[in-house]
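**Q** Sequence isn't available, so here's the structure alone:
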Ligand SMILES: CC(C)(COP(=O)(O)OP(=O)(O)OC[C@H]1O[C@@H](n2cnc3c(N)ncnc32)[C@H](O)[C@@H]1OP(=O)(O)O)[C@@H](O)C(=O)NCCC(=O)NCCS
């Protein structure tokens, strides 16, 4: 039974409630967000942009569901065709619903979609080294670690633009790759 479906702009309200309510709990795992990001307008715009990218075949924006209730998000990002046939996974689950297997099942949905309908050959995910919950989710879905990226900044503000990062701020991300079968 799938726990995901394609997001719609109507999901913006539920998502805004979740990201506002759980802003502090999700912050350590997320890029730094300004206040604007937590507004309904901003979340609706993000969904609309994702749906345009979906129409162009470069992203699949999903919501994670408990029944009909939206409890998280999962994206297949950067879908690349040709020799690579690849995409990257990103996801979060509301802290009120964590530890109940929702991310594990949502990633299973995404893997089935990616290797089935989308005909991809490769799915990638990156986690912070200490994100054991996310690593657990990936490993349970057949991903295996294949490397640690050197010199990736732990300073999440890097997403706002290129920054020179002092070595003591350098962090690493585990990289995972799907195990066939
Ligand atoms: C990572 C995340 C998506 C997991 O969602 P979830 O629905 O709780 O995941 P699941 O319940 O399917 O599985 C989580 C597993 O990790 C385990 N886990 C949770 N916290 C853990 C910790 N600190 N150390 C070790 N294991 C942990 C859980 O016990 C569970 O395993 P179990 O079922 O064997 O008990 C969720 O914690 C989250 O949204 N975190 C913030 C955003 C994030 O990190 N996104 C991923 C970025 S790579």
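**A** Received, thanks. Given the structure is predicted, the values throughout are model-derived calculations rather than measurements.
**Q** would you list every one of the helices in the chain?
**A** Assigned by DSSP state H, the helices in the chain fall at 12-21, 23-26, 40-55, 102-115, 132-140.
**Q** With respect to burial, which of the ones you listed scores highest?
**A** For the helices of the chain, average neighbour numbers computed from mean count of other C-beta atoms under 10 Å are highest in helix 102-115, which has a mean of 20. C-beta coordinates here come from the backbone N, C-alpha and C atoms, glycine included.
**Q** could the helices of the chain be laid out in a markdown table, adding mean pLDDT?
**A** Output for the helices of the chain, formatted as a markdown table (pLDDT from 0 to 100):
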| stretch | mean pLDDT |
| --- | --- |
| helix 12-21 | 98 |
| helix 23-26 | 96 |
| helix 40-55 | 97 |
| helix 102-115 | 95 |
| helix 132-140 | 91 |
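**Q** Adding distance to the ligand, write these out as JSON lines.
**A** Written out in JSON lines, the entries for the helices of the chain read as follows (distance: least, C-beta to the nearest ligand atom, whole Å):
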{"stretch": "helix 12-21", "distance to the ligand": "10"}
{"stretch": "helix 23-26", "distance to the ligand": "5"}
{"stretch": "helix 40-55", "distance to the ligand": "16"}
{"stretch": "helix 102-115", "distance to the ligand": "3"}
{"stretch": "helix 132-140", "distance to the ligand": "3"}
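**Q** Get me the contact residues on the protein for the ligand.
**A** Where the chain comes near the ligand, counting by C-beta under 6 Å from any ligand atom, the residues are 26, 29, 91-93, 98-104, 127, 131-134, 136-137.
**Q** tell me what the lengthiest strand in the chain is packed against?
**A** Criterion DSSP state E: the longest strand present in the chain is strand 69-80. For strand 69-80, the contact count by 3 or more C-beta pairs under 8 Å, 6 or more residues apart in numbering; DSSP states H and E identifies helix 12-21, strand 60-66, strand 86-93, helix 102-115 as packing neighbours.
**Q** to the chain's geometric centre, what's the distance from the longest one?
**A** With C-alpha atoms, centre = their mean, to the nearest Å as the basis, helix 102-115 stands 12 Å off its chain's centre.
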